[in-house]
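Chemist: Dropping the sequence and predicted coords here.
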Amino acid sequence: MSRSYMVDCGEMVEKVEALIARTWQLLIDREESLEYKNTVRKLGLEIEQQARNLGSESAYAMSQLILGVNALDRHQPDEAVQRLTTALTRFRWQSDVYHEWFSLAAIAQAWYLLDDYDQMHETLVGAKDLSQPSTQDKVRWLDRLGMIR
């Protein structure tokens, strides 16, 4: 590979990582406005496309997590389950326990919205055994998903 290609590819990876970080922060700082939901969706789709272009499994998994939670925000639990399950599978392949836990919690919320309490319980039992992320991050995420009130 030419050095120029590797530099271009490296710059693209950095841009995608920055876009993921920015979008993740937006997702955590959730707002109720339609403009917010559309912005997060647009950014998630952009990350998904860039991840495919780069062949980046980790970026693709993050795009599915972002789009899955955005689907929950848009009251589309079927889409959420599909995207979040894809994210979960990819995170498990990468042994990314940190993001695996976020995916499991979001999937549990989607099952709850679909009135499938058995699946919700099974998902939460799977999440219970994971030590990552920190307790503070877990509480913040569960609150963000509307699972703590």
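Modeler: Nice, thanks for sending it over.
Chemist: Next, the contact list for the residue most central in space within the chain, please.
Modeler: Using CA atoms, centre = their mean, the residue of the chain that lies closest to the mean C-alpha position is Leu65, 1.8 Å off. By CB atoms under 8 Å, 6 or more residues apart in numbering, the contact set of Leu65 is 83-84, 87, 91, 99, 102-103, 106. Glycine gets a C-beta too; all of them are placed from N, C-alpha and C.
Chemist: 6 Å instead?
Modeler: 87, 103 (CB atoms under 6 Å, 6 or more residues apart in numbering).
Chemist: Also the one 5 residues further on?
Modeler: Shown here is Asn70, whose contacts under the criterion CB under 6 Å, 6+ apart are 40-41, 44.
Chemist: Ranking by neighbours, what's the top pick from the residues you listed?
Modeler: When neighbours are counted by other CB atoms under 10 Å, Gly44 leads the contacts of Asn70 with 26 neighbours.
Chemist: Verify the stated contact: that residue with Leu67.
Modeler: Yes. Gly44 is within contact range of Leu67, at 4.1 Å (criterion: CB atoms under 6 Å).
Chemist: how about Arg83, secondary structure?
Modeler: Secondary structure for Arg83, judged by DSSP: H, G, I helix; E, B strand; the rest coil, is helix.
Chemist: Next one: Leu114 from Ala80, what distance?
Modeler: Separation of Leu114 from Ala80 (CB to CB, to the nearest Å) stands at 9 Å.
Chemist: Which helix or which strand is home to Gly126?
Modeler: helix 117-128 (DSSP states H and E).
Chemist: buried stuff in that helix?
Modeler: Residues of helix 117-128 classed as buried: 119-120, 123-124, 127 (neighbour count, 16 or more other CB atoms under 10 Å).
Chemist: could you give the mean pLDDT of it?
Modeler: Averaging pLDDT along helix 117-128 yields 84.
Chemist: Taking their axis directions, the next helix or strand along the chain from it and helix 117-128 sit at what angle?
Modeler: Next helix or strand after helix 117-128 toward the C-terminus (DSSP H and E): helix 135-144. Angle between the axes of helix 135-144 and helix 117-128 is 160 degrees (criterion: axes from the mean of the first three to the mean of the last three CA atoms, to 10 degrees).
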